[in-house]
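Participant: what shape does this take:
(2 chains)
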2 protein chains.
Amino acid sequence: MELTEDGLLSAVRKVLSGAGPEVVVPIGDDAAVVRPGSGDLVLTTDALVEGTHFDRGLSTAHEIGYKAIAVNVSDIAAMAASPRYALCALTLPGDLDAAWAMELFGGMREACGEFGCTLVGGNLARGPEITVAVTLTGEVAPGRAVTRSGARPGQAVVATGLLGGAAAGLRFARRGPPWDEQERDAILRLAKPVPRVGEAQLLAGRGATAMIDVSDGLAIDLSRLCAASGVGVRLELARVRVHPAATLQDALGGGEDYELVATLPRPGVAEAAAELDRTFGTPLTQIGSVTDAGLVATDPDGREHALEPDGWDHFA
Amino acid sequence: MELTEDGLLSAVRKVLSGAGPEVVVPIGDDAAVVRPGSGDLVLTTDALVEGTHFDRGLSTAHEIGYKAIAVNVSDIAAMAASPRYALCALTLPGDLDAAWAMELFGGMREACGEFGCTLVGGNLARGPEITVAVTLTGEVAPGRAVTRSGARPGQAVVATGLLGGAAAGLRFARRGPPWDEQERDAILRLAKPVPRVGEAQLLAGRGATAMIDVSDGLAIDLSRLCAASGVGVRLELARVRVHPAATLQDALGGGEDYELVATLPRPGVAEAAAELDRTFGTPLTQIGSVTDAGLVATDPDGREHALEPDGWDHFA
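Facilitator: As a prediction, the model looks like this:
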């Protein structure tokens, strides 16, 4: 099947699960029209580029489509918002089979279904390599978005789930099979990340003062939270929950885990952790504390090091 | 200056004209947060890809940034909506100078200022060639968006401005100087298109039943309007207003003019044209009529031809 914008668009419409009740004009017109909710409108965009973010030899089109939605859902989640509407600006080589693009949209559809959002806009352009640029809207009760900038000294720094799995998974995928069970799980974390939408809203309800998703690595994402809040963080390395197939360096510098890091008033941490476990089965761990300034890591034996935002090489 | 996402982001913040009063969380967090208006939310995305949509030898970074916003504004305009918030997912080669990217954002800023929208989100990824994927939101009074699907037989087909200039301009730009005044104007239409935001709203107020912007060429865009409305169009070739430096073939198959094509009840055409001229100095021309089915073009001597959606080659 030859790849034309109109042809792909009409095929995509069949793949899509259908417009929700708030969609006034679905995909296929000059622009989509939706009836917004009563909350604040949250907006984010993130692209996956072939050769930089994925390799067609290691990922299926379905996985790439799924992940393109999921990484944007993670950004919406990190504001404590709910995902709503997705748009995708796709750049594809002219010689690519249309079946590949359909499989990509199939992956987007699965992710949209899973995270409760609707694909309402698309654009197809020709280019030498594949770029999947997704924009996602979200909604949050007015004034209730959790930014990166509310952390205050004395508060606890918490993280959901396990870190480092995605970076380790990339290593295992490149190495090739056979994989043991933990290695398979790490590869799955890379291919199909689970954005923490419900967890983020629960943390917001428990008074989270700042929140960020771990997309580029714990160290650099913590440094961004510190910069936005004008604070420092003391990270206790022994408390960081590392994926069983990963290293501490994977957790600090690897990225793509899409777990949440948040700051909370200390008294609320234990209860938030219990509730997160009860509601979602997701672990929540206090990994450090907010300080006045500086990003430092504490060794298990109590020694402090400056934590470099670009990863863990200094501690290797 | 080396190009890093955080570095570019902080530079971009300085370039941007600043957040409007409805921007709760501006660019730089996991996602932006805005307070939506009371109208329907309009969403569109469109990308410019190096080698496909622009050539760094022919366009400045400023022009590319300006155009990336303008083409999206044109899609919002074609729904009779007002542009509001822009996001940009940028793919840049690692060896590109940061000054180029800053100039690109300067162009976006100029366009955002001109069309009344605010850049609230950005993402930077590495890739072998430049892709500028912009998503734009807009607002329209509830239920008042004008789609492509409302055209009915017997109505008039109207177009704003002059067509074919952008396609001719590309030819002149590639040929190189010297350029006469009309050739310069054609090149300007390619480099700096003028989306018809106010004109579209005026046409909507005058009862436009369907509307589309001419991004890919009059013939294919008319065929899309026909398909969406389930109607045909008889296009009177002698009435198509062609840019003085362009050919009829440029107008029918060239694209990138970003003029509007709309359908209107016949009795309202003369008054709409007078008002468009009075308010914006923009000409409005009846170029044909809506029919039951089929896309045909009428020669000046009255002969009818099937109008091929992919351009004008059959009539050349």
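Participant: what sits closest to residue A:6 if chain neighbours are left out?
Facilitator: residue B:224 (7.2 Å; CB to CB, 6 or more residues apart in numbering or on different chains). C-betas here are computed from N, CA, C, even on glycine.
Participant: nope, residue A:189 is what I meant
Facilitator: Per CB to CB, 6+ apart, closest to residue A:189 is residue A:165, 3.8 Å.
Participant: contacts only, for that neighbour.
Facilitator: Going by CB atoms under 8 Å, 6 or more residues apart in numbering or on different chains, residue A:165 touches A:185-186, A:189-190, A:243, A:245-246, A:250, A:257.
Participant: what of residue A:285?
Facilitator: A:158-159, A:239-241, A:273.
Participant: my read is the residue nearest to residue A:6 is in a strand, agree?
Facilitator: No - going by DSSP: H, G, I helix; E, B strand; the rest coil, the assignment for residue B:224 is helix, not a strand.
Participant: quick check: it touching residue B:212?
Facilitator: Yes - at 6.3 Å, residue B:224 counts as touching residue B:212 under the criterion of CB atoms under 8 Å.
Participant: list the residues that contact both of those two?
Facilitator: Joint contacts of residue B:224 and residue B:212 (CB under 8 Å, 6+ apart) are residue B:148.
Participant: neighbour count winner among those two?
Facilitator: Ranked by neighbour count (other CB atoms under 10 Å in any protein chain shown), residue B:224 and residue B:212 place residue B:212 first, with 24 against 21.
Participant: show residues contacting the helix or strand that one falls within.
Facilitator: Using DSSP states H and E, the element containing residue B:212 is strand B:210-213. Here strand B:210-213 makes contact (CB under 8 Å, 6+ apart) with A:30, B:74-75, B:77-80, B:146-151, B:195-196, B:200, B:203-204, B:221-222, B:224-225, B:228-229, B:258-263.
Participant: and the residues you listed, which of them are buried?
Facilitator: A:30, B:74-75, B:77-80, B:146-151, B:195-196, B:200, B:203-204, B:221-222, B:224-225, B:228-229, B:258-263 (16 or more other CB atoms under 10 Å in any protein chain shown).
Participant: in strands only, show me those.
Facilitator: Among the buried ones among the contacts of strand B:210-213, the members found in strands (DSSP state E) are B:260-263.
Participant: which strands or helices does the helix or strand hosting residue A:6 pack on?
Facilitator: Taking DSSP H and E as the criterion, residue A:6 maps to helix A:5-15. Here helix A:5-15 touches helix A:98-115, strand A:118-126, going by 3 or more CB pairs under 8 Å, 6 or more residues apart in numbering or on different chains; DSSP states H and E.
Participant: buried stuff in that helix?
Facilitator: Applying 16+ other CB under 10 Å to helix A:5-15 flags A:8, A:11-13 as buried.
Participant: swap in stretch A:130-148?
Facilitator: Buried, per 16+ other CB under 10 Å, within stretch A:130-148: A:130-140, A:145-148.
Participant: what ranges do the helices span in chain A?
Facilitator: All helices of chain A, identified by DSSP state H, fall at A:5-15, A:61-77, A:98-115, A:165-175, A:181-191, A:197-205, A:218-229, A:248-253, A:269-280.
Participant: domains in chain A, as residue ranges please.
Facilitator: A:5-140, A:156-315 (automatic domain parsing).
Participant: now the ones you listed as a markdown table including mean pLDDT?
Facilitator: A markdown table is the format used below for the domains of chain A (pLDDT from 0 to 100):
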| stretch | mean pLDDT |
| --- | --- |
| domain A:5-140 | 91 |
| domain A:156-315 | 94 |
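Participant: burial count for the nearest residue to residue A:66 once chain neighbours are set aside?
Facilitator: Beyond its immediate neighbours in the sequence, the residue positioned closest to residue A:66 (CB to CB, 6+ apart) is residue A:107, lying 3.9 Å away. For residue A:107, the neighbour count with other CB under 10 Å is 23.
Participant: please apply the same query to residue A:289.
Facilitator: 18.
Participant: I figured it hits residue A:231, correct?
Facilitator: No - in this structure, residue A:289 is not within contact of residue A:231 by CB under 8 Å, at 10.1 Å.
Participant: surely residue A:218 touches residue A:161?
Facilitator: No - counting by CB under 8 Å, residue A:218 does not reach residue A:161; the two are 11.6 Å apart.
Participant: of those two, which one has the most company?
Facilitator: Using other CB under 10 Å, the more surrounded residue of residue A:218 and residue A:161 is residue A:218, with 29 against 22.
Participant: list the contacts of the more buried one.
Facilitator: Contacts of residue A:218 (CB under 8 Å, 6+ apart): A:159, A:163, A:235, A:240, A:251-253, A:257, A:261.
Participant: hmm, back to that, name every strand pairing with the strand holding residue B:212 and say which way it goes.
Facilitator: Each strand that pairs with strand B:210-213, with its direction, by DSSP bridges: strand B:260-264 (antiparallel).
Participant: what is in contact with residue A:218 and residue A:161 at once?
Facilitator: residue A:257.
Participant: hmm, back to that, in PDB, could you pull the C-alpha coordinates for the strand holding residue B:212?
Facilitator: Taking Å, rounded to 0.1, in the frame of the first residue of the first chain, the C-alpha atoms of strand B:210-213 are listed here in PDB:
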ATOM      1  CA  ALA B 210     -17.600  24.700   5.000                       C
ATOM      2  CA  MET B 211     -14.100  26.000   5.000                       C
ATOM      3  CA  ILE B 212     -10.500  24.700   4.400                       C
ATOM      4  CA  ASP B 213      -7.200  26.400   4.000                       C
END
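Participant: please compute how far stretch A:161-178 lies from its chain's middle.
Facilitator: Remark: stretch A:161-178 is offset 17 Å from the chain centroid, using CA atoms, centre = their mean, to the nearest Å.
Participant: how about that stretch: buried residues?
Facilitator: A:161-173.
Participant: and which of the contacts of residue A:218 is nearest to chain B?
Facilitator: Top of the list for closeness to chain B, among those and by CB to the nearest CB, is residue A:261 at 10.9 Å.
Participant: for the spatially closest residue to the closest one that is not a sequence neighbour, give me its contacts.
Facilitator: Spatial nearest neighbour of residue A:261, chain neighbours left out: residue A:159 (5.0 Å); criterion: CB to CB, 6+ apart. The contact partners of residue A:159, by CB under 8 Å, 6+ apart, come to A:214, A:218, A:240-241, A:259-262, A:284-285, A:287.
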